[in-house]
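Visitor: Got a predicted model here, sequence first, then my questions.
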Amino acid sequence: MDNTPSYNLSTETPSDLAKPKPGAILLLKEIWKDFRQEKTAFKFICIYLIFEYLRPHMIYPELDIVPWGKIIMVLTILFIFIDPNSRIPSISKLIPLLTFSICVLLSMAYAFYPSAAVDRWSDFFSWFFVILIILSIVKSKQRLFLFLCVYFFCNLKMAQHGFRTWALGGFGFSGWGVTGSPGWFQNSGEFAMEMGMFLPLVLVYLRAFREDWSHGTRFFFYLLIIMVVGSIIGCSNRGAIIGLITVGLWWLLFSQKRIKALIILISAASIIYLALPKEFKARFETIGKDTTSIARIAYWNASLNAIKENFYLGIGFKNWPIWVSSKHPELKDFDPWGRIIVLHNTYLEVATELGLFGTSAFVLILLQIFFINLRSIRISREQKDPFLEATAKGLIGSLLAYLAPSFFMSVLYYPYVWILLALSICVSSVLQQKKLELGVNHLTGNYR
């Protein structure tokens, strides 16, 4: 059964529109009330997301006394068995993920250095299990909304920290840039990518519901946009700016009033350009000629050689550092610490380590995310559900914001695409469940 939250995520009636718009504090109270009423398994998967994204135990060393992530995940799995609202997802929606998993296993078996691949098995398969658990638990519209609220909270915390750091630095240029939480987003480039993927969801919800919100709630979302964009600028990462441009193009593509959207986009781009520190602008003039660019081109050329020699299965899961150190030791001179840990290109990373089969499976995952959300947009319009429609649109924007910067970063086993895949399938599952319920209600004459 689809438990629609008391704060209503569906289309409002005329009588609802005549009522005073609820303020942000009231909305938060309603959200917290619904969260407290949820089953324990759902609460634990939300807590896991917080620990995975924010790493509070790394921020506060006194908390770092146990492996929180593993403990929370085990407890989540245990409580799934006593949660009547949790069930294993349909296998048909997991085919690309299962195919990719098989490719990882094959690459491990035929790796250049198999033991290194086996030692790092959890780098991918932990995400495999996280996706399965999320899909097993987040089965209703209310749970999806609350899970997205936790996702918003994590990104809000990082955006606030990033913008504050940039502001305290006088909104100037920093060679290393501002960073997010410890762990996945410690590096400025990865943090900027996360902010770029978060931005489309903020924009679609603001556009879809701003007329239903109070002035305070709208002001909060406008402020959140400023913090997110400011954090991206403060990261001083060229790939992140390309991602930001991609978000702008997505916004224009999905806008119903494109002339107005184009004017807003040009105005926003002008403001962002003026806000860019002059030192950051100068970095774009040295693309292809600076030390960073030269090093990455050298790495990419070496990876192309690896692909030619290991075309179908690749050099092996997580074998790039060992392979390149053995085959191209001269490339260590580009790194101040004399090591080559990452390839700085997600697509070459998957092609080099997993070969043609793994690359094809990864492309299938990206296509699944895109087309499943396109389908969700169509179905949500038929069901007149603006929340799910906006969510699907935002997830497509997040995907596009991932595709561009990942050409300059090795982020294949980071949370980005795996959480995006889980959320996309969750939206589709909720819509499918609603469609089945509407069909039953129609057949029995029970109209809600």
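Guide: Thanks, I have it.
Visitor: Can you give me the buried ones in stretch 251-267?
Guide: Residues of stretch 251-267 classed as buried under the neighbour-count rule (16 or more other Cβ atoms under 10 Å) are 251, 254, 261, 265. For every residue, glycine as well, the C-beta is placed using N, CA and C.
Visitor: Repeat that for stretch 127-144.
Guide: The neighbour-count check on stretch 127-144 (16+ other Cβ under 10 Å) flags 127-128, 130-144 as buried.
Visitor: which residue sits closest to residue 317 in space, ignoring its chain neighbours?
Guide: residue 117 (4.2 Å; Cβ to Cβ, 6 or more residues apart in numbering).
Visitor: just to confirm, which helix or strand has that neighbour in it?
Guide: The secondary structure element spanning residue 117 is helix 114-119 (assigned by DSSP states H and E).
Visitor: who does that helix touch, helix- and strand-wise?
Guide: helix 95-109 (3 or more Cβ pairs under 8 Å, 6 or more residues apart in numbering; DSSP states H and E).
Visitor: Determine the set of other helices and strands touching the helix it packs on.
Guide: helix 114-119, helix 122-137, helix 346-382.
Visitor: Adding mean pLDDT and distance to residue 190, write the ones you listed out as JSON lines.
Guide: Putting the helices and strands packed on helix 95-109 into JSON lines (pLDDT from 0 to 100; distance: least, Cβ to Cβ, whole Å) gives the following:
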{"stretch": "helix 114-119", "mean pLDDT": "95", "distance to residue 190": "23"}
{"stretch": "helix 122-137", "mean pLDDT": "96", "distance to residue 190": "15"}
{"stretch": "helix 346-382", "mean pLDDT": "97", "distance to residue 190": "11"}
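Visitor: count of residues packed around residue 309?
Guide: By other Cβ atoms under 10 Å, the residues close to residue 309 number 12.
Visitor: hang on, I meant residue 341
Guide: Around residue 341 there are 11 other residues, counting by other Cβ under 10 Å.
Visitor: now the residue nearest to it when sequence neighbours are not counted: how far from residue 285?
Guide: Nearest residue to residue 341, sequence neighbours excluded (Cβ to Cβ, 6+ apart): residue 321, at 5.5 Å. For residue 321, the distance to residue 285 (Cβ to Cβ, to the nearest Å) stands at 32 Å.
Visitor: Which residue is the nearest non-sequential neighbour of residue 240?
Guide: Closest to residue 240 by Cβ to Cβ, 6+ apart is residue 192, at 3.3 Å.
Visitor: Test my guess that that neighbour contacts residue 242.
Guide: No: the pair residue 192 and residue 242 fails to qualify as a contact (Cβ atoms under 8 Å) at a distance of 10.3 Å.
Visitor: which residues are in contact with both of the two?
Guide: Common neighbours of residue 192 and residue 242 (criterion: Cβ atoms under 8 Å, 6 or more residues apart in numbering): residue 405.
Visitor: Look at the two and report which has more neighbours.
Guide: When neighbours are counted by other Cβ under 10 Å, residue 192 and residue 242 differ, and residue 192 comes out ahead with 32 against 15.
Visitor: can you list the weak-confidence ranges in the stretch 101-250 of the chain?
Guide: Counting by pLDDT under 70, the stretch 101-250 of the chain has low-confidence residues at 175.
Visitor: rewinding a little: quickly name whichever of the buried residues of stretch 251-267 is closest to residue 363.
Guide: Proximity of these to residue 363 (Cβ to Cβ) peaks at residue 254, which lies at 22.6 Å.
Visitor: how close does the nearest residue to the closest one once chain neighbours are set aside get to residue 251?
Guide: Nearest non-adjacent residue to residue 254, counting by Cβ to Cβ, 6+ apart: residue 393, 5.5 Å away. Look at residue 393 and residue 251: by Cβ to Cβ, they are 10 Å apart.
Visitor: shared neighbours of the two, which are they?
Guide: Contacts common to residue 393 and residue 251, judged by Cβ under 8 Å, 6+ apart, are residue 200.
Visitor: Right, I'll leave it there.
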